[in-house]
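Visitor: Pasting the sequence and the predicted model now:
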Amino acid sequence: ETGVTQTPRHLVMGMTNKKSLKCEQHLGHNAMYWYKQSAKKPLELMFVYNFKEQTENNSVPSRFSPECPNSSHLFLHLHTLQPEDSALYLCASSQGEGSGANVLTFGAGSRLTVL
Amino acid sequence: GQNIDQPTEMTATEGAIVQINCTYQTSGFNGLFWYQQHAGEAPTFLSYNVLDGLEEKGRFSSFLSRSKGYSYLLLKELQMKDSASYLCAREDGDYKLSFGAGTTVTVRA
């Protein structure tokens, strides 16, 4: 496997369910990101991890809980979501932070539908 | 946000040239990225501009004017496979990215 892999690609859940999104990168990168992409809206940065440490939480509601056990894996745990949370959730990685190191490699995304 | 503005949609004919403009706030600006995203796929990196001027990569070129807060992505000799969304992203001095909403380019035969 190469690049950034996200699973599942599609997820439908009820508002009371608990589910998790998984991201894995095989690029040797040190930084990993979660973005939310809604139709016709800019990509919204949710969380950033650099060397497994969370460096950014962009005022994300607590019903989204990230986990980064190592530099290659990133999870997004979902609990008691709302229908407006339905979106494409993109994982990305980069070599690190800093000019020139910040080129993001994205996964194909997990399409989430909350009923 | 960082007021990153780009057109919502553009349509052009195969073989033609299309220019996608992007404007942004200049305060705290560091660099400008362009990404391409085909429907249902991951965004992929196209270009990164830090200095003023035009950078050419094959059929795609990207231009930056730091003083004007302006960039454009130029797509030449359009092919059907160039139909995609093109995302402009501003990098600030802390290396944080802010994305525009994307420009959907449709290439017609």
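Guide: On my side now, so go ahead. Residues are numbered from 1 along each chain as shown, chains lettered A, B, ... in the order given.

Visitor: and the host helix or strand of A:Phe47 with chain B, contact?
Guide: In this structure, A:Phe47 is located in strand A:44-50 according to DSSP states H and E. Yes: contact of strand A:44-50 with chain B (CB under 8 Å from any CB of the partner chain) involves A:Leu45. Bear in mind the C-beta positions are built from the backbone N, C-alpha and C, glycine included.

Visitor: For that strand, name the packing helices and strands.
Guide: When contacts are defined as 3 or more CB pairs under 8 Å, 6 or more residues apart in numbering or on different chains; DSSP states H and E, strand A:44-50 packs onto strand A:31-37, strand A:53-57, strand A:64-70, strand A:73-79.

Visitor: For B:Gln19, give me its contacts.
Guide: Applying CB atoms under 8 Å, 6 or more residues apart in numbering or on different chains, one finds that B:Gln19 lies in contact with B:Tyr72, B:Leu73, B:Leu74, B:Leu75.

Visitor: which among the residues you listed end up buried?
Guide: Among the contacts of B:Gln19, those classed as buried by 16 or more other CB atoms under 10 Å in any protein chain shown are B:Tyr72, B:Leu73, B:Leu75.

Visitor: Please state the offset of the strand holding A:Phe47 from the chain centre?
Guide: Strand A:44-50 sits 8 Å away from the centroid of its parent chain (CA atoms, centre = their mean, to the nearest Å).

Visitor: can you list the residues of chain A near chain B?
Guide: A:4, A:40-43, A:45, A:56, A:90, A:97-109.

Visitor: In the sheet, which strands lie alongside the helix or strand of chain B with the lowest mean pLDDT, parallel or antiparallel?
Guide: One helix or strand of chain B scores below all others by mean pLDDT, DSSP states H and E: strand B:97-99, with a mean of 92. Strands that pair with strand B:97-99, judged by DSSP bridges, come out as strand B:84-92 (antiparallel).

Visitor: Tell me how many other residues surround A:Gln82.
Guide: Neighbours of A:Gln82 under the rule other CB atoms under 10 Å in any protein chain shown: 10.

Visitor: show me what contacts residue 14?
Guide: In the absence of a named chain, this looks at chain A. A:Val114, A:Leu115.

Visitor: hm, I was asking about chain B
Guide: Going by CB under 8 Å, 6+ apart, the list of residues near B:Glu14 reads B:Leu78, B:Gln79, B:Met80, B:Val107, B:Arg108, B:Ala109.

Visitor: which two from those residues end up farthest apart in space?
Guide: B:Gln79 and B:Arg108 (11.6 Å; CB to CB).

Visitor: how about A:Trp34, what does it touch?
Guide: Counting by CB under 8 Å, 6+ apart, A:Trp34 has contacts A:Cys23, A:Leu45, A:Met46, A:Phe47, A:Pro66, A:Leu74, A:Leu76, A:Tyr89, A:Leu90, A:Cys91.

Visitor: just to revisit the earlier point, out of the contacts of B:Gln19, the closest to chain A would be?
Guide: Nearest to chain A among the contacts of B:Gln19, counting by CB to the nearest CB, is B:Leu73 at 15.9 Å.

Visitor: on that earlier part again, which one of the helices and strands packed on strand A:44-50 lies nearest to B:Gln37?
Guide: strand A:31-37 (8.8 Å).

Visitor: Would you list the strands that the closest one pairs with, along with their directions?
Guide: Short version: by DSSP bridges, strand A:31-37 pairs with strand A:44-50 (antiparallel), strand A:87-94 (antiparallel).
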